[in-house]
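Enquirer: when you get a sec, could you give me coordinates for this:
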Amino acid sequence: HSKGRRIPIMDPHADQPKAPESKPGSKPDAKDDLKSLPLPEVEKKLGSSPDGLSQAEAQKRLTQYGPNEIEEKKTNPFLKFLTYFWGPIPWMIEVAVILSGVVRHWPDFFIILLLLVANAVVGFWEEREAGNAIAALKAKLAIKARVKRDGKWVNPAARELVPGDVIRVRLGDIVPADARLLDGDSVEVDQSALTGESLPATRKPGEAVFSGSIIRQGEIGALVYATGANTYFGKTAQLVQEAHTVSHFQRAVLKIGNYLIILAVALVAVIITVAIFRGDPILTTLQFALVLTVAAIPVAMPTVLSVTMAVGARLLAKKQAIVSRLVAIEELAGVDVLCADKTGTLTQNKLTLGDPFIVNNVPADQVILNGALASRADNNDTIDLAVLGGLKNNQVLQGYQVVHFQPFDPVHKRTEAAVKAKDGKMFKVTKGAPQVILALSANAGQVKPAVEKAVNEFAARGFRSLGVARAEGDGQWQFLGVLPLFDPPREDAKATIAT
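Expert: Have a look, this model is predicted:
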């Protein structure tokens, strides 16, 4: 999940994120969008086929395009070490060292010099150790991919994927790179990490799946068309890396350092002015200035601060939290308002049926029953499973025979079932977007104000709403009620918010 970051604004209810143009393979022009071109053209541009690449060709492309990971800018360790001698507080300590040398106070000279070097060595070492812990955690969390090379399926690290590789993704897999789906059955893909949408999206052969999304249902082959920084997720991550901001912690330290420098300079100026006015020896005056300067310098503060944060980073690494910048720890600890993605972070990412809203005194269990008859467990659809899970007794469905079932589609925005009861009577049931169900219903005129009020109240509480209607035989649809669906909070959500 914070995270001074700026990310592209995305519609949280978008079915498919619109990625920036990708340029893998033979580096096509921006107009050649590998995400939407016909699959045969994509294969041609990538110089690949459903049989995948050879190991030699994959190795060549890995050299050409680089590993399938977000490149981190490495800092020269020596230059990193020198940064500990640069800044307002190190400058003050360095001035004290120089003054001690000028007046030949060698004990002070060596003690202050030792503190200056100790600050740098301890801070550098602790940050390096924290970096090593983070690197070890990243290695532990690295995912593997199932890839076709030389006609055989192998399991290399995901970082070794290249454009043109043929991969296999199945239930629970994290999609390792942007890819186009090959022949097979459609799959359900969880894109909540990219769009914030909690419900899985259906992806059919030929459509694109994006790095970082998770396969929730099905298994299918896919052709990789973008890796690393060229992926939809990678471009977003690059924007985050390029954002340079000064943290609250750094501003506070600079403010303290600047205040102490101004104070020390002002007091030294007063001492020199008074000494000149009184005619005091210059050496004595410098000694006073030295004492004052050294007293004004918090020589141990940089060490204390860097060590404290580095130790915190190592403790967080043990809890499998990756801290890429030490100052981020203090920054997160000092937030007043935390805007977190709700789905899966504060909630369980499991839709649950709430108490239904009913019209015309229809029993609540009848509204749920009719909604359940318009659902199908075989589809493994999140909403259908939530409605079926709301039944107090699953055996009640055995008295009905679903003759025809029309699954949900984005155009009609509802499911419909033709059902035969035990007594042989036929009726139809439907569930879907409340406004769509209302438009079908003959009794919409009398129930619409109450239904819209209920839907708005459910929405204010973070619930999704489903309208349910029923038609006897070939009769008109009658609106029965509204089913609220909610994502229950995680057990630790209260403690997380409280702390």
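
Enquirer: make it CA atoms for all contacts and neighbour counts henceforth
Expert: Will do.

Enquirer: mind listing the strands in the stretch 251-400 of the chain by residue range?
Expert: Along the stretch 251-400 of the chain, counting by DSSP state E, counting those that start in this stretch, strands occupy 352-353, 357-358.

Enquirer: could I get those strands as TSV with distance to residue 273 and mean pLDDT?
Expert: TSV is the format used below for the strands of the stretch 251-400 of the chain (distance: least, Cα to Cα, whole Å; pLDDT from 0 to 100):
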stretch	distance to residue 273	mean pLDDT
strand 352-353	77	87
strand 357-358	83	90
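
Enquirer: show me the one of the ones you listed that comes nearest residue 414.
Expert: Residue 414 sits nearest to strand 352-353 of all the strands of the stretch 251-400 of the chain, at 17.3 Å, using Cα to Cα.

Enquirer: packing partners of the closest one?
Expert: On a contact count with 3 or more Cα pairs under 8 Å, 6 or more residues apart in numbering; DSSP states H and E, strand 352-353 meets helix 382-389, strand 478-486.

Enquirer: mind listing what's buried in stretch 163-173?
Expert: By neighbour count with 16 or more other Cα atoms under 10 Å, stretch 163-173 contains the buried residues 163, 164, 165, 166, 167, 168, 169, 170, 173.

Enquirer: list the buried residues for stretch 286-306?
Expert: 286-287, 289-294, 296-297, 299, 302-303, 305-306.

Enquirer: which one of those sits closest to residue 237?
Expert: The closest of the buried residues of stretch 286-306, once distances to residue 237 are taken by Cα to Cα, is residue 306, at 26.2 Å.

Enquirer: now do the contacts for that closest one.
Expert: 123, 126, 127, 326 (Cα atoms under 8 Å, 6 or more residues apart in numbering).

Enquirer: just give the nearest non-adjacent residue to the last one, would you?
Expert: In space, residue 326 comes closest to residue 309 once its chain neighbours are excluded; the distance is 5.9 Å by Cα to Cα, 6 or more residues apart in numbering.

Enquirer: got the contact list for that neighbour?
Expert: 326, 327, 329, 330.

Enquirer: the third one against residue 314, yeah?
Expert: No: in this structure, residue 329 sits apart from residue 314 without contact. The criterion is Cα atoms under 8 Å, and the distance is 11.2 Å.

Enquirer: so where is the stretch 1-150 of the chain shaky, pLDDT-wise?
Expert: Low-confidence segments of the stretch 1-150 of the chain (pLDDT under 70): 1-32, 72-73, 130, 133-134, 137-142.

Enquirer: from the contacts of residue 309, which is closest to residue 388?
Expert: residue 329 (44.0 Å).

Enquirer: mind listing what's buried along the host helix or strand of residue 81?
Expert: Using DSSP states H and E, residue 81 sits within helix 77-82. Judged by neighbour count (16+ other Cα under 10 Å), helix 77-82 contains these buried residues: residue 81.

Enquirer: tell me what it is packed against?
Expert: Using 3+ Cα pairs under 8 Å, 6+ apart, the elements in contact with helix 77-82 are helix 106-141.

Enquirer: how far does the helix it packs on sit from its chain's centre?
Expert: Centroid displacement of helix 106-141 relative to its chain, using Cα atoms, centre = their mean, to the nearest Å, is 31 Å.

Enquirer: and it, what other elements does it pack with?
Expert: So helix 106-141, by 3+ Cα pairs under 8 Å, 6+ apart, packs with helix 77-82, helix 88-102, helix 301-318.

Enquirer: for those, which one sits closest to residue 480?
Expert: Closest among the helices and strands packed on helix 106-141, once you apply Cα to Cα, is helix 301-318, at 51.5 Å.

Enquirer: which of residue 329 and residue 314 has more neighbours?
Expert: Between residue 329 and residue 314, counting by other Cα atoms under 10 Å, residue 314 is the more crowded of the two (22 against 17).

Enquirer: quick check: the gap between the more buried one and residue 308.
Expert: 10 Å (Cα to Cα, to the nearest Å).

Enquirer: do residue 117 as well
Expert: Distance from residue 117 to residue 308, by Cα to Cα: 18 Å.

Enquirer: try residue 81
Expert: Applying Cα to Cα to residue 81 and residue 308 gives a distance of 18 Å.

Enquirer: any idea how far residue 55 is from the closest residue to residue 101 other than its chain neighbours?
Expert: Of all residues beyond its chain neighbours, the one nearest residue 101 is residue 109 (5.9 Å), with distances taken as Cα to Cα, 6+ apart. Counting by Cα to Cα, the separation of residue 109 from residue 55 is 62 Å.

Enquirer: the closest residue to residue 85 other than its chain neighbours: how many residues sit nearby?
Expert: Counting by Cα to Cα, 6+ apart, residue 120 is the residue found nearest to residue 85 once chain neighbours are left out, at 6.9 Å. Number of residues near residue 120 (other Cα under 10 Å) recorded here: 21.
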